[in-house]
Each structure stands twice: as structure tokens, then as C-alpha cells.
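Undergrad: here's a sequence, model it:
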Amino acid sequence: MADARFQDADPAPLALFAGDADDLTVIATLTQDAILPVTEIAYDARHRQLALLLNRFRWEDAEAARREGRPYERVRAVLLVQDVQRVRSDGIDRKDKDLILELLTLQWQPGEDGTGQLLLEFAGDGTLAVEAECLNVELRDVTRPYVAPSRRAPQHPGT
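TA: Residues are numbered from 1 along each chain as shown. Predicted coordinates for the structure are as follows:
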């Protein structure tokens, strides 16, 4: 079976921006269950950016795939956080080059004058805490969708 193509998808590749908590909720929903090796996290202090290259489950296509009896899909996507002042991690061993992370959610904790902290929470109690001048997050699909290796949708307790 051939991989899926962008032309087969509706809508087109995602390119989203979050500048407030409501926008971030959309991006958090679409990145839930994204998988990435720890080596695909890059923090550029000089440019004040944190980038993660995700293997994102295509939640926006899941219902159509289920209805049409076709395989579920994933797509490579970049999650880019701008205006970063500091990044801290808890429960993530950045030295373990074989470590695979599963992103559960993104949460914005506002501070004073528009500043705040973006929490990226991973399965197994790992967290990246990103202190930022403001909420400035982009999600952009960068490859064509491909058939999810498991051929299944991620499962959550109680669903």
C-alpha cells in the first residue's frame, strides 16, 4: 500500500499559529500523541527559539480514516516556540540519545505583562518548561502524511 499524499488529504498541510491560550488549545489537541526522539529537540538561545521535530498523529483526519476504512496517518511537523528566555527539563534525560518521547499536552501559564511559561508534558512524567516573553507558538507540517506504523489510533484510558 502506498503512503498517503497531501493531495488526498482535506485540509491541506497544517500551518497554525498560537498567540493566546485558546489558539494553543487547538495546537495541543493536534499534537497530542506526537512522538519524537529526544535528539529532535533543539534550543537556540541566540535566536530565542525552541524547535521540536514531531511525528504527529493526524487527529484532524482520524474520523475520515475510520469512516472510510483506510489506515490512520502521521506526518512530520515542526513545533516552534519563539521569544524563549529559558528552557528547563524535568524527567527527561537529554543525554539518552535513544530516548523516545510522547507529547501529551501543551499548557500556557501566564505571568505578568504577557510573559509566561509554556509546559510541554510528555508521557512518563517528563516536562519541558519554556519561559517566554509571550505565547508565540507555530505548528507546521513539513512532510507528506504517511501511514501510521501501528496502523491504529492512539488510545487513552476512558475513551
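Undergrad: now do the contacts for the residue most central in space within the chain.
TA: Nearest to the geometric centre of the chain sits residue 31, at 3.7 Å (C-alpha atoms, centre = their mean). Neighbour list for residue 31: 54, 56, 77, 79, 103, 106, 139 [criterion: C-beta atoms under 8 Å, 6 or more residues apart in numbering]. C-beta: built from backbone N, CA, C; applies to glycine.
Undergrad: got a pLDDT number for the third one?
TA: In the prediction, the pLDDT value recorded for residue 77 is 98.
Undergrad: can you check the second one too?
TA: Reported pLDDT at residue 56 in the predicted model: 98.
Undergrad: hang on, it in a helix?
TA: No. Residue 56 sits outside any helix when classified using DSSP: H, G, I helix; E, B strand; the rest coil, being strand.
Undergrad: can you start the count at 638 instead of 1 from here on
TA: Got it, the first residue is 638 from now on, which makes the last one we talked about residue 693.
Undergrad: tell me the contacts of it?
TA: When contacts are counted by C-beta under 8 Å, 6+ apart, residue 693 touches 667, 668, 671, 711, 712, 713, 714, 778.
Undergrad: ok, so of the residues you listed, who is nearest residue 728?
TA: Nearest to residue 728 among the contacts of residue 693: residue 671, at 17.4 Å, using C-beta to C-beta.
Undergrad: what's around the closest one, how many residues?
TA: Per other C-beta atoms under 10 Å, the neighbour tally for residue 671 reads 25.
Undergrad: can you map out the helices along this structure?
TA: Using DSSP state H, the helices of the chain run over 658-668, 696-705.
Undergrad: could I get those in TSV, plus columns for mean pLDDT and distance to residue 652?
TA: What follows is the helices of the chain, written out as TSV (pLDDT from 0 to 100; distance: least, C-beta to C-beta, whole Å):
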stretch	mean pLDDT	distance to residue 652
helix 658-668	97	11
helix 696-705	95	13
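Undergrad: just the ones you listed: most buried one?
TA: Most buried of those, by mean neighbour count (mean count of other C-beta atoms under 10 Å): helix 658-668, with a mean of 17.
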